[in-house]
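[1] Here's a sequence, model it:
(one chain, ligands or ions: 1)
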Amino acid sequence: MLIDNNNWRKLRACDHSKYAQPILISHAFQKLIRDADEKDKNALRKQVEFSSSEKKVGNFETSDPLGEQKYCITPYLVHQYDNRVLLLSTGKCLAYCRYCFRRGFTARQESYINDIQLEKVCDYIANNPQVEEILVSGGDPMSGGFKNLKRVLTALRKASDKLIIRLCTRSPIFAPELFTNEVLELLEDCRPLWLIPHINHPAELGEAQRLAFSNCQRHCISIQSQTVLLKGVNDNPETLIRLFNELTVLGIKPGYLFQLDLAAGTSHFRMPLNRAMEIWKVLERKLSGLSRPQFAVDLPNGGGKFSLSALSLSDKILEKKDDGSFTAIGSDGNVYEYSSAF
Ligand code: SF4
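    Here you go, the predicted structure:
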């Protein structure tokens, strides 16, 4: 059954299994699995290998877990936050993550955004100067080849020369060979542009992946990663500490650790929130500000990003006064008062 452009977010969660996400594991990721230590192989496999658990739809899971529908300007452009917009450039990916929160969209495998739709996006940016950033996502914006990537990035740059472009992609892990000289030069020419790679496990950082990142850095591309907390993949502090420290060593700022969104058919990957917060509290203690990402979740029904890091911190605040002074538990476990009276 075909899903048209506009209705994939409106599917009932129970219809989800009719639109199953494709199964595709890229050559580069297969190599990572082959080369991984025995203890890490399953963490890589689980992310990309089909499981019948995907057919089970849990309570509260939906086809539009972020509630983006109400912020759609066009089927491909979402404007939820004042200063930034999201572009869904394509429904295709280089491999398919079984926990994907946009699986309704990626299940369609729709090819790259066409010129007519792209023009609508660029007009919107040109006419809305409060938009300072665009997240170019999908699917994977690197899945459509050089010509499509160039078409989209140069059109966006033409629409606004100050627009900050965030290229949200899993390609450095799934297909590092895509970072050819011509792609690197394009990314450099389209700055200000940040590469936002999605990386979940230290075993994803193979030789080819590291080379892709260092080539981006040689071309002055800033990089901030995002990670999803996944049961059976990275659901322990040791793995995450290894990952975030390794990224920092590579000059990649760990940006976000996300609690898994409530996408239909993904409950076998979701950590209970209490356990997730316990893991986070260890990371808070053991990682420096440089290597520690923000821990966040997207609130359902369009509530936007919510900081779970802040939620964890709130346990440490014992008293807060109207003048801003507060009493809190310090890093040594003792109680301290900070006064705002000078
Ligand atoms: S690469 Fe991104 S969009 Fe594609 S399947 Fe993975 S999480 Fe979903």
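[2] Excluding sequence neighbours, find me the nearest residue to the residue of the stretch 151-300 of the chain found nearest the ligand.
    Nearest to the ligand in the stretch 151-300 of the chain, going by Cβ to the nearest ligand atom, is Arg170, at a distance of 3.8 Å. In this view, the C-beta of every residue, glycine as well, is placed from N, C-alpha and C. Closest residue to Arg170 apart from its sequence neighbours, by Cβ to Cβ, 6 or more residues apart in numbering: His198 at 4.5 Å.
[3] Who is that neighbour paired with across the strands?
    Gln226 (DSSP bridges).
[4] That one: neighbour count?
    When neighbours are counted by other Cβ atoms under 10 Å, His198 registers 21.
[5] same thing with the one 4 residues further on?
    For Pro202, the neighbour count with other Cβ under 10 Å is 20.
[6] contacting residues around it?
    Neighbour list for Pro202: 40, 239, 242-243, 246 [criterion: Cβ atoms under 8 Å, 6 or more residues apart in numbering].
[7] how does it look with 10 Å?
    36, 40, 43, 234, 238-247 (Cβ atoms under 10 Å, 6 or more residues apart in numbering).
[8] Next one: it from Val183, what distance?
    25 Å (Cβ to Cβ, to the nearest Å).
[9] mind checking pLDDT for the most centrally placed residue in the chain?
    Geometric centre of the chain, nearest residue: Gln226, 5.0 Å, by Cα atoms, centre = their mean. Reading off the confidence values, Gln226 has pLDDT 98.
[10] what about Leu318, is that helix, strand or coil?
    Classification of Leu318 using DSSP: H, G, I helix; E, B strand; the rest coil returns strand.
[11] ok, it touching Thr327?
    Yes. Counting by Cβ atoms under 10 Å, Leu318 sits close enough to Thr327 to count as a contact (4.6 Å).
[12] For the worst-scoring helix or strand of the chain on mean pLDDT, what is the distance to the chain centroid?
    In the chain, no helix or strand scores lower on mean pLDDT, DSSP states H and E than helix 103-106, which sits at a mean of 82. Here the centre of helix 103-106 is set off from its chain's centre by 15 Å, with Cα atoms, centre = their mean, to the nearest Å.
[13] swap in stretch 189-204?
    Per Cα atoms, centre = their mean, the centroid offset for stretch 189-204 relative to its chain is 10 Å.
[14] For that stretch, measure first residue to last.
    Length of stretch 189-204, first residue to last, Cα to Cα, to the nearest Å: 28 Å.
[15] Stretch 87-102 close to the ligand?
    Yes. Residues of stretch 87-102 contacting the ligand under Cβ under 6 Å from any ligand atom: 93, 96-97, 100, 102.
[16] Quick check: buried residues in that stretch?
    87-102 (16 or more other Cβ atoms under 10 Å).
[17] re the thing from before, okay, the least confident helix or strand of the chain in CSV with CA atoms only?
    Extracted in CSV, the C-alpha atoms of helix 103-106 (Å, rounded to 0.1, in the frame of the first residue of the first chain):
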residue,chain,number,x,y,z
ARG,A,103,10.3,4.9,10.1
GLY,A,104,7.0,5.9,8.6
PHE,A,105,8.8,8.2,6.3
THR,A,106,11.8,6.0,5.6
